[in-house]
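1. Would you be able to build a 3D model of this:
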Amino acid sequence: MTTVEVECACCGGTGLHEGRALCSACYTWHRKNRTLHRYPPLHTWLETLARIGQFAELRGQGMSIRAAARQLGVTARSGQRYEQRLKARQAVTS
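-> Now for the predicted structure:
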């Protein structure tokens, strides 16, 4: 698991991301005090699904994996992963 620094939605400081855009200290405090509901979970997977949809459109227009990834502002490796997910989805529906 990778560690990511975040600008905390609670204290505004920078720290290791624990979840819900909170640093580790604030996340622990809010969990202990039962106030995590004030900071909804981040749904970044929704953004990824949207990007995969856009990627599929670009690929459908004849764009290469690398060019489509560049157009979406993601790495070439992410483009390869999107392509694999699209092929796996296509195999299931076929």
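2. what's the neighbour count on Leu86?
-> 16 (other C-beta atoms under 10 Å). Where C-beta positions appear, they are placed from N, C-alpha and C, glycine not excepted.
3. name the element it belongs to?
-> In this structure, Leu86 is located in helix 76-93 according to DSSP states H and E.
4. need the helix or strand of the chain with the lowest average pLDDT.
-> Counting by mean pLDDT, DSSP states H and E, the chain has its least confident helix or strand at strand 5-7, which shows a mean of 83.
5. Report the mean confidence score over whichever helix or strand comes after that one.
-> Counting by DSSP H and E, the element after strand 5-7 in chain order, helix or strand, is strand 14-19. In this model, strand 14-19 has a mean pLDDT of 88.
6. Low-confidence ranges, this protein, go.
-> Counting by pLDDT under 70, the chain contains low-confidence ranges at 1-3, 43-46, 94.
7. what's near enough to touch Gln80?
-> For Gln80, the set of contacting residues under the criterion of C-beta atoms under 8 Å, 6 or more residues apart in numbering consists of Ile65.
8. ok so, going back, can you list the buried residues in the helix holding Leu86?
-> Taking 16 or more other C-beta atoms under 10 Å as the basis for neighbour counts, the residues of helix 76-93 that come out buried are Ser78, Gly79, Arg81, Tyr82, Glu83, Leu86.
9. same check, this time on stretch 8-22
-> The neighbour-count criterion (16+ other C-beta under 10 Å) identifies Cys8, Ala9, Cys10, Gly15, His17, Glu18, Arg20, Ala21, Leu22 as the buried residues of stretch 8-22.
10. circling back to that earlier point, output the buried residues of helix 76-93 in CSV, with distance to Met63 appended to each entry.
-> Shown next, in CSV, are the buried residues of helix 76-93 (distance: C-beta to C-beta, whole Å):
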residue, distance to Met63
Ser78, 15
Gly79, 10
Arg81, 16
Tyr82, 12
Glu83, 11
Leu86, 13
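11. Among these, which one sits closest to Ala69?
-> When the buried residues of helix 76-93 are compared for distance to Ala69, the smallest value, 2.9 Å, is given by Gly79; criterion: C-beta to C-beta.
12. No further questions, thank you.
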